[in-house]
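> sharing a model prediction with you, sequence too.
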Amino acid sequence: MITASDVETFNQQGYLVVENLLDVPTLDAIHCEYAQLMDRLYDGWAEAGLVPPAKAGMGFWDRLDVAYKSGFDWYQPFDISLPGDDISNDTPMHFGPAVFDMVTHKSILDTVEMLIGPEITSNPIQHVRIKPPERTVAKDEIRAHVVATDWHQDQGVTLPEADQTTFVTVWLAITDATVENGCLQVATDHYTEMLPHCPRTQTGISEALTPKRATPTPVKAGGAVIFHPMTPHSSLSNTSDGYRWSFDLRYNVTGQPTGRSHFPEFVARSKADPASVLQDWRVWRDMWEDTRARVAAGAHIPQHRWDSSSPHCA
Ligand SMILES: O=C(O)CCC(=O)C(=O)O
Ligand SMILES: [Fe+2]
């Protein structure tokens, strides 16, 4: 639980590092749920001849390694969201009890309540990122869930409908996040305005305007970096020998636009209407499955507002 002085720090500097937000059983349950998911995926790929058959004692990280080297990407089947485009009825995604327990964890919601109040909606802009050591990735790899993330503000990845929405990002470390393995860094100077972003390989702040001074925010497994929608941040490269695993979650004041309204939100906490709080992870999963079917059948919906032909992007 954070204190009133932490809230002041958050408002002044635009971010806060909070250690020990998640307990060990919650982290263990996440590891276990993803290990089971990886085993199922791996067995399916092996049966299809896409990866070599699993060897005895082959663990989670080994399977990730072999799958990536075989040209196979575990990212979308692991993600707690749908992708930005090419959504079809069989686009994989992951919604399970351990992830739901994490997203609705009391200590996260207590902390978020201190920052945005007691009417809390789980915002659908949320991702898992399990980043391999960069020396093992393909030279032309550019995807933000595999290599370092470019400078951006999270307000910049919402649609403009959310420009008046009060929300925070909670970036959770599942493995220790260090300077070596690619923790986040935030702009040292405080920003309150949106900077122009450009769609490049990733969507990032226009190159001329990227912050010049950055503060790295290492945090131990179970801890979090919480930041304001206008706080510019990026991630460092993973120069270590191990994977760096995080989830990024967002929470907004209930009733305000999420910035990605074609994806489902749910009430995670409410003082005014406790009965509105979602309790069952299966309902959450079903909402995403219904969304997938609806979006797959419709026209493409853009996820952000930026245009590469803008003068900022020259
Ligand atoms: O983990 C990363 O590399 C980037 C995460 C991010 O941009 C976010 O949490 O908003
Ligand atoms: Fe971000």
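That came through fine. None of the values given here were measured: they were computed from a predicted structure. Numbering: from 1, shown residues only. Ligands and ions are numbered 1, 2, ... in the order given.
> identify the residue spatially nearest to residue 150, adjacent ones excluded.
Nearest non-adjacent residue to residue 150, counting by Cβ to Cβ, 6 or more residues apart in numbering: residue 204, 3.3 Å away. Yep, even glycine has a C-beta here, placed from its N, CA and C like the rest.
> next, count neighbours for residue 263.
20 (other Cβ atoms under 10 Å).
> ok, residue 149 - contacts?
202, 233-235 (Cβ atoms under 8 Å, 6 or more residues apart in numbering).
> tell me the SS of it?
Here residue 149 is coil, with the state taken from DSSP: H, G, I helix; E, B strand; the rest coil.
> how confident was the prediction at it?
For residue 149, the pLDDT comes out at 95.
> ok, now residue 201?
So, for residue 201, pLDDT stands at 83.
> helix, strand, or coil at the closest residue to it other than its chain neighbours?
Of all residues not flanking residue 201 in the chain, residue 142 sits nearest, at 4.1 Å (Cβ to Cβ, 6+ apart). Classification of residue 142 using three-state DSSP returns coil.
> quick one: neighbours of residue 142, just the number.
13.
> next one: phi and psi at residue 14?
phi 80, psi 0 (degrees, to the nearest 10).
> about what we covered before: among the contacts of residue 149, which two are most distant?
202 and 233 (12.7 Å; Cβ to Cβ).
> residue 181 is in contact with residue 218, correct?
No. The criterion here is Cβ atoms under 8 Å, and residue 218 misses it with residue 181 at 9.0 Å.
> ok, these two, which is more surrounded?
Applying other Cβ under 10 Å to residue 218 and residue 181 shows that residue 181 carries more neighbours, namely 23 against 18.
> just to be sure, that one is in a strand?
No. Going by three-state DSSP, the assignment for residue 181 is coil, not a strand.
> next, the contact list for it, please.
Going by Cβ under 8 Å, 6+ apart, the list of residues near residue 181 reads 131, 133, 175, 238-240, 242-244.
> got the residues of the stretch 201-314 of the chain near ligand 1?
233, 235, 246, 248 (Cβ under 6 Å from any ligand atom).
> widest-spaced pair of these?
Longest span within these, Cβ to Cβ: 233 and 246, 12.1 Å.
> show me the helices in this structure, by range?
4-13, 24-47, 60-69, 75-78, 97-103, 106-116, 281-297 (DSSP state H).
> got a list of contacts for the first one?
This points to helix 4-13. 2, 16, 18, 114-115, 190, 226, 228.
> most neighbours of all the residues you listed, which one?
Most surrounded of the contacts of helix 4-13: other Cβ under 10 Å gives residue 226, at 27 neighbours.
> correct me if wrong: that one contacts residue 18.
Yes. With contacts counted by Cβ under 8 Å, residue 226 reaches residue 18, the gap being 6.2 Å.
> low-confidence regions, the chain specifically.
Within the chain, no range satisfies pLDDT under 70.
> could you check the angle the top strand by length along it makes with helix 60-69?
For the chain, the longest strand by residue count, based on DSSP state E, is strand 120-131. Angle of strand 120-131 versus helix 60-69, following axes from the mean of the first three to the mean of the last three Cα atoms, to 10 degrees, is 70 degrees.
> neighbouring strands - and their directions - for strand 120-131?
Strand 120-131 pairs in its sheet with strand 244-253 (antiparallel), strand 266-269 (antiparallel), by DSSP bridges.
> buried ones in the shortest one?
In other words, strand 266-269. 266-269 (16 or more other Cβ atoms under 10 Å).
> residues making contact with that strand?
Residues contacting strand 266-269 (Cβ under 8 Å, 6+ apart): 103-104, 109, 112-113, 118-122, 251, 254, 273, 276-278, 283-284, 287.
> equivalent analysis for stretch 67-75, please.
38, 41-42, 45, 50-52, 64, 128, 130, 132, 136-137, 143, 145-146.
> switch to 6 Å and redo it
45, 51, 145 (Cβ atoms under 6 Å, 6 or more residues apart in numbering).
> quick one: which of those residues is most hemmed in?
Result: residue 51 is most packed of the contacts of stretch 67-75 (other Cβ under 10 Å), 21 neighbours.
> contact partners for it?
45, 66-67, 70.
> and which of those is nearest residue 261?
residue 67 (33.5 Å).
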